[in-house]
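Trainee: Sequence first, predicted model second:
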Amino acid sequence: MAMKLCVKPIKEWSFYKGRPLMICGPCSAETEDQLMETARQLAELGKVDIFRAGIWKPRTRPDAFEGVGKEGLKWLRDVRRETGLPTATEVANANHVNEALKFGVDVLWIGARTSANPFAMQEIADALQGVETTVLIKNPVNPDLELWIGAIERINRAGINQIGAVHRGFSAYERTTYRNQPKWQLPIELRRALPEIPLICDPSHIGGARRFIYEISQKAMDLNYDGLMIESHCDPSKALSDKNQQLTPNDLRELLSRLILRQPVSNDSKFLDILGELRSQIDIYDDQLLDILEQRMGVAETIGSYKKENNITILQSSRWEEIIQKAIAKGDSKGLSEEFIQLLFKAVHQESINHQNKIMNS
Ligand code: PEP
Ligand code: MN
C-alpha cells in the first residue's frame, strides 16, 4: 500500500474558501472571447475558486479539436489579471509543465490518460522538481487504484505538497448510462489509503451529459468530497469539445444553489444516540450475514467432498445460472439492484468455489 505523503491540508490552500472547492471553466480554451466571457460570468457568481480550461486536449481520434496550444496560455494569463481568478490547465508532458509555469498558471491538472502512464507521470514529476505549485491528479482511465496512488506518489516525491485527487470516472467498453462509470468504491478506497489527499469530483466527465451533473455532485458532497470540478462554457452548444456536458454559468449558479451540504460529524447528543441505536441494528445484521455465509461455505465444503467421491467437476454452469437468475429476480422484488446482486453473488460463488477447491484438491 501507499507510503506516508507529505502534503498540505486543503484548508491551508490559498484558493480554498470553504467546502466545496469549486474549479469551473470550459473543457477547452477556444478563442480569447469565449475564454474571457466565460471567466467573467463565472467570476460574477462569486462561488468559483479556480478557473479551468484545457489548452492541450487529449482527444481519442486525431481529427478532433486538439486545443489551441500555447496561444491559450496568454488568454489564461489575461483571465487571471482581469477577473482575479486563479487558473488551471491540463499538462501531459514536461514541455506543457514548463510552458504553463512560464505563463503563471496556478494549478496544473493531470488527465486520466496521462495518470495511467507511469513514464509520462515520471517525466512530469521530474519537470516539477523544485517548483512550488498545485497539482491535481485525475484517476487513470482504468479502475486501478494502485496506478492512481503511484501517480500521486511520484508528484509528491518531486516535492509538490499541494496535491488533490480528481475522481472523473472509469471508461467501460459497454454502453453505460454515464459516460464514465463512477465506481465510487475506488475513490473511497483512495481516501482510506491516503486520507490526507483532498478529493475532488468531476461530475462533468463522469456524467457526460448536463442532466446528470447535479445528482453526481450531490452524491460527491454526501460522500464528503472536498471539491467539484465542473465544466462551464458561455455557449455550450458551440463548444469544440464536450459540448453535451458543459453548463452555462447561469445553470451552474442554479445547480450550486440546489446542492445540499451536510455536516460530516455532529455533536448533538440526541442525534448521536439515535444514530448509535441504528448502527447497533446494522451490526446485528452484519453478524448474521457472516454467520449465514459461514454456514453456506460449510455446505459448499460438504458438496466438495461429495463431488470428490463421485469425481465431478466443481463448476456446474447451469446450476450457477439458475442461482444468479433466481437471486436477481428475488433481489428486484426486495428493492436490491441487479448490479448489487451480481456483485454479491459472484463474490459468494467464487468463495464457495475456493472452499470446494480446498476440499477437493488438498
Ligand atoms: C478534461 O478535464 O477536459 C479532460 C480531458 O479530462 P479527463 O482527463 O478526465 O478526460
Ligand atoms: Mn472535457
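Mentor: Received it, and whenever you're ready, just let me know what you need. Keep in mind that this is a model prediction, so the values were computed, not measured. Ligands and ions are numbered 1, 2, ... in the order given.
Trainee: Residue 83 reaches residue 39, doesn't it?
Mentor: Yes: in this structure, residue 83 is within contact of residue 39 by Cβ atoms under 8 Å, at 5.0 Å. Where you see a C-beta, it was placed from the backbone N, CA and C, and this is true even at glycine.
Trainee: Same drill for these two, tell me which one is more crowded.
Mentor: A count of neighbours by other Cβ atoms under 10 Å puts residue 39 above the other of residue 83 and residue 39, at 30 against 18.
Trainee: Residue in the stretch 101-250 of the chain with the shortest distance to ligand 1?
Mentor: Closest residue of the stretch 101-250 of the chain to ligand 1, Cβ to the nearest ligand atom: residue 111 (2.9 Å).
Trainee: which one is residue 44 nearest to, not counting chain neighbours?
Mentor: Nearest residue to residue 44 in three dimensions, chain neighbours excluded: residue 249, at 7.4 Å (Cβ to Cβ, 6 or more residues apart in numbering).
Trainee: does that neighbour really touch residue 37, like I thought?
Mentor: No: counting by Cβ under 8 Å, residue 249 stays clear of residue 37, with 9.3 Å between them.
Trainee: where along the stretch 151-300 of the chain do the strands fall?
Mentor: For the stretch 151-300 of the chain, strands defined by DSSP state E, counting those that start in this stretch occupy the ranges 162-167, 199-201, 227-231.
Trainee: Now do the residue nearest to residue 44 against ligand 2, distance only.
Mentor: Using Cβ to the ion, to the nearest Å, we find residue 249 at a distance of 16 Å from ligand 2.
Trainee: who's in contact with that residue?
Mentor: Residue 249 sits next to 24, 38, 41, 42, 44, 45, 232, 234 when contact means Cβ atoms under 8 Å, 6 or more residues apart in numbering.
Trainee: quick one: it and residue 31, what's the gap?
Mentor: 17 Å (Cβ to Cβ, to the nearest Å).
Trainee: so how many other residues sit close to residue 93?
Mentor: 14.
Trainee: overlap in contacts of residue 249 and residue 37?
Mentor: In contact with both residue 249 and residue 37: residue 234, using Cβ under 8 Å, 6+ apart.
Trainee: Spell out which parts of the stretch 1-150 of the chain neighbour ligand 1.
Mentor: 27, 54, 58, 111, 112, 138 (Cβ under 6 Å from any ligand atom).
Trainee: switch to 5 Å and redo it
Mentor: 27, 54, 111, 112, 138 (Cβ under 5 Å from any ligand atom).
Trainee: cool, and the stretch 201-350 of the chain?
Mentor: So far as Cβ under 5 Å from any ligand atom goes, the stretch 201-350 of the chain lies against ligand 1 at residue 205.
Trainee: near ligand 2, which residues of the stretch 201-350 of the chain?
Mentor: Residues of the stretch 201-350 of the chain lying close to ligand 2 by Cβ under 5 Å from the ion are residue 242.
Trainee: how about the nearest residue to the residue in the chain that ligand 2 sits nearest to, chain neighbours excluded?
Mentor: In the chain, the residue that lies nearest ligand 2 is residue 27 (3.2 Å; Cβ to the ion). Using Cβ to Cβ, 6+ apart and skipping the chain neighbours, the partner closest in space to residue 27 is residue 242 (3.9 Å).
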